[in-house]
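S.K.: no sequence on this one, just coordinates:
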């Protein structure tokens, strides 16, 4: 019998909002930067240390700790029907190199806190409920990201991921081996299993909820994205002696491409176009560069726009290569998607029962929920963040937003796990 | 009495061209790259090892080995009048990260070989003759370069140079301390001393001599150059959630600047404009970049053109900064110069006596001779290099060009040291 029925209580009443906040601040110590942010990249020593603390908190609440071959970390609360497919909730704890305290981490800790609340209640849900920290969502050290959820749902093969290397030549395989070796007390499980429903809580990473003073965003869907890597190959030459007409200057060619691509991506005006990574070889002031390598991140909610613009990228690069050669590789293509109405309604109903303002909101950022959407009914809960700032060391959200989001999540998970 | 007078011989007859070539190939082993080039950046362990071998060769010929507080390495042959100001010849042995076997190294080894020839001849020159390997000519690890010759001639203060750091945060001070500590058997001497004349032999780093099948380039002067560093400051933001109008994208602003600068530098068409260094922070694919940092290398033989274009760079950057901030710093400004006619004539006369074709040629690249020009009569001897390619691992010149250049150098040094 649910605690809400038994005692007139809901799991949200059992959420310890102070503990949740303390844990958020504690996790932010792993990879803390001097500017107040977090540099805890995927499969790093900082992430290994943070996982250890997470696992200790889970065990303290009586949860079972598990991991899988891509390093996804699970905390499981048994239901009265252990054979039932579990309800799953979580996010990630890896960060961008200059990331913040909340992106991903809030969703993992809110799910863990919900499990602690369910574990401490008198009744048990029918279905098992699990929290998860997905591996390498950010993709800044090992690109592209979403490795944990993509391996779990089978979208990408594990083998290909394991071969990916960071800029220092360390492979996912070897970094992951260190992560798993550091957790000899954690039971392994295979990749992927049936999931009844997945709910991910996250900061909005945009300005809408804050501006409208709305507590809860019921996420309607996720904007599509396409990611490319462009390698421009020229020829190293002396900067003082090689006439311009004889040069194959990879930086000038790349600059021409990016300028043209940026113009192309200006229509419609809500296209997101970002060149976040740009590397040059040999990168010396008096050498004409022989190679430029850059990333393209393109996003738009309309799949037609995303298709048209993404398809035009290779031609646009080739038209601007001058005397250089260019290779354009598309490394990820995720179309826009819409979460099922039933799950969105569960979230908005829970928010209303708690007296919280809510609105439907589109996610401009990609999340692990994108992959789970094709595996089971999925949904997302957003909370406001200050000035919409994210992927930035000054990322912030208020404790009362964290409390509201985790309360809604706990009640939604309970409802889903009870099988109503 | 000069060997030429005594035996009908000139020092050029005593040059051991096979040994000189073997030594060129031997030095290329220090920092050898898999593509056949050299990565022997200033004050690196590879350079320390190469200096040790150079010093051993010099001692074998009976020369005195000396170094100074910026790490310039000297090999001295006494003259019959030890109080006379010496004739100096040399270049540098540091390389670009993907440099070749000849840039700089040829000039140092040709000078050393000339000293070996003079040392083995029956007569002594009146003046002392010294060979030198100047510290950090290239400026790729520690920018700007020319540190050895600039400290020697007093153009820049030593203290400022010592504080310069490489990309890993290692200072010139600490890297230099390791170089000097590795040479406990080398006598120190103060920076700068009167020099009677300076002659630097070098590969052309351009296509003219090869194309015209001319053996010797009598360098008429050096093209002027200005170097800048541009820091574009934006704001890190999420690549999927931050609307373009709210972004401060440092890479897009830098791209706009470089595009505009490249257009500006297109008139006249013989302007050399290079952005060889480009660094981004945080350099992650899904983060709008908060900083872009790039170098500008601008060169032209006409000081009016160099002045006009260089002066326009800050405004051009500011006009294209968009929502970002920009700081433009000029780190070096060397005007075009012309070497004295007397030294040029010594070189052309020596070439003619040896039956070698020669022509006057302008140097498009900067060299240590630029600084020495303001310290004493200076000149340069060029030899052809394949396809004009330099600052590239495939840099090449033929053994017979090396032989011709070193023979001319030996006779010129002899003439200058004899005081005729």
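M.R.: Thanks, I have it. Everything numeric in this text was worked out from a predicted model, so none of it was measured. Numbers count the residues shown, from 1 in each chain, chains lettered A, B, ... in the order given.

S.K.: using the centroid of chain A, identify the residue furthest from it.
M.R.: When distances are taken from the C-alpha mean of chain A, residue A:241 lies farthest, 47.9 Å away, according to CA atoms, centre = their mean.

S.K.: now residue A:171: closest residue in space, sequence neighbours ignored.
M.R.: Take residue A:171 and drop its neighbours on the chain: the residue closest to it by CB to CB, 6 or more residues apart in numbering or on different chains is residue A:165, 5.0 Å away. Placement of C-beta: from N, CA and C, glycine included.

S.K.: check contacts around the one you found.
M.R.: A:142, A:171, A:172 (CB atoms under 8 Å, 6 or more residues apart in numbering or on different chains).

S.K.: same question, residue A:323
M.R.: A:234, A:247, A:248, A:253.

S.K.: with adjacent residues omitted, what lies nearest to the second one?
M.R.: In space, not counting the residues next to it along the chain, residue A:247 is nearest to residue A:288; the distance is 5.3 Å by CB to CB, 6+ apart.

S.K.: please report how far that neighbour lies from residue A:248.
M.R.: 8 Å (CB to CB, to the nearest Å).

S.K.: how about residue A:219?
M.R.: Applying CB to CB to residue A:219 and residue A:248 gives a distance of 47 Å.

S.K.: which of these two has more neighbours?
M.R.: A direct count of neighbours by other CB atoms under 10 Å in any protein chain shown for residue A:219 and residue A:248 places residue A:219 higher, at 27 against 21.

S.K.: can you tell me which residues contact the more buried one?
M.R.: Contacts of residue A:219 by CB under 8 Å, 6+ apart are A:339, A:344, A:360, A:361, A:362, A:363, A:369, A:379, A:380, A:381, A:382.

S.K.: and the first one, what does it touch?
M.R.: The one in question is residue A:339. A:219, A:220, A:221, A:369, A:373, A:378, A:379, A:380.

S.K.: before we move on, back to that, generate a markdown table for the contacts of residue A:165, with pLDDT and neighbour count as supplementary columns.
M.R.: A markdown table is the format used below for the contacts of residue A:165 (pLDDT from 0 to 100; neighbours: other CB atoms under 10 Å in any protein chain shown):
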| residue | pLDDT | neighbour count |
| --- | --- | --- |
| A:142 | 95 | 25 |
| A:171 | 97 | 16 |
| A:172 | 98 | 24 |
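
S.K.: ok, so of those, who is nearest residue A:394?
M.R.: residue A:142 (25.4 Å; CB to CB).

S.K.: what kind of secondary structure is that closest one in?
M.R.: Classification of residue A:142 by DSSP: H, G, I helix; E, B strand; the rest coil places it in coil.

S.K.: you'd agree it is up against residue A:166?
M.R.: Yes - Residue A:142 lies in contact with residue A:166 (CB atoms under 8 Å); the separation is 5.8 Å.

S.K.: who touches both of these two?
M.R.: residue A:175.

S.K.: tell me if stretch A:121-140 is near chain B.
M.R.: Yes - where contact is defined by CB under 8 Å from any CB of the partner chain, part of stretch A:121-140 touches chain B, namely A:138, A:139, A:140.

S.K.: helices of chain A, residue ranges please.
M.R.: For chain A, the helices defined by DSSP state H occupy A:3-7, A:17-27, A:45-60, A:105-120, A:147-153, A:158-162, A:172-181, A:208-211, A:250-264, A:303-319, A:341-353, A:369-372, A:399-418.

S.K.: and the second one, how far out from the chain middle?
M.R.: So the one you mean is helix A:17-27. 20 Å (CA atoms, centre = their mean, to the nearest Å).

S.K.: cool, the longest one as well?
M.R.: Helix A:399-418 has its average C-alpha position 19 Å from the chain's average C-alpha position, going by CA atoms, centre = their mean.

S.K.: show me what it is packed against.
M.R.: With contacts taken as 3 or more CB pairs under 8 Å, 6 or more residues apart in numbering or on different chains; DSSP states H and E, helix A:399-418 sits against helix A:17-27, strand A:87-92, helix A:105-120, strand A:197-203, strand A:216-222, helix A:341-353, strand A:377-383.

S.K.: got the contact list for the last one?
M.R.: For strand A:377-383, contacts defined as CB under 8 Å, 6+ apart pick out A:106, A:196-204, A:209, A:215-219, A:222, A:339-340, A:342-344, A:346-347, A:361, A:363, A:367, A:369, A:372, A:397, A:401-402, A:404-405, A:408-409, A:412.

S.K.: again, only using 7 Å
M.R.: A:197-204, A:209, A:216-217, A:219, A:339-340, A:342-344, A:347, A:361, A:363, A:367, A:369, A:372, A:397, A:401-402, A:404-405, A:408-409 (CB atoms under 7 Å, 6 or more residues apart in numbering or on different chains).

S.K.: from the stretch 1-150 of chain A, which residue is nearest to chain B?
M.R.: residue A:140 (3.8 Å; CB to the nearest CB).

S.K.: got the contact list for the residue lying closest to that residue once chain neighbours are set aside?
M.R.: Leaving aside its chain neighbours, residue A:140 sits nearest to residue B:284 (3.8 Å; criterion: CB to CB, 6+ apart). Taking CB under 7 Å, 6+ apart, we find residue B:284 in contact with A:96, A:97, A:140, A:276, A:277.

S.K.: neighbour-wise, give me the winner out of those residues.
M.R.: residue A:96 (32 neighbours).

S.K.: check the gap between that one and residue B:257 for me.
M.R.: Residue A:96 is 25 Å from residue B:257, by CB to CB.
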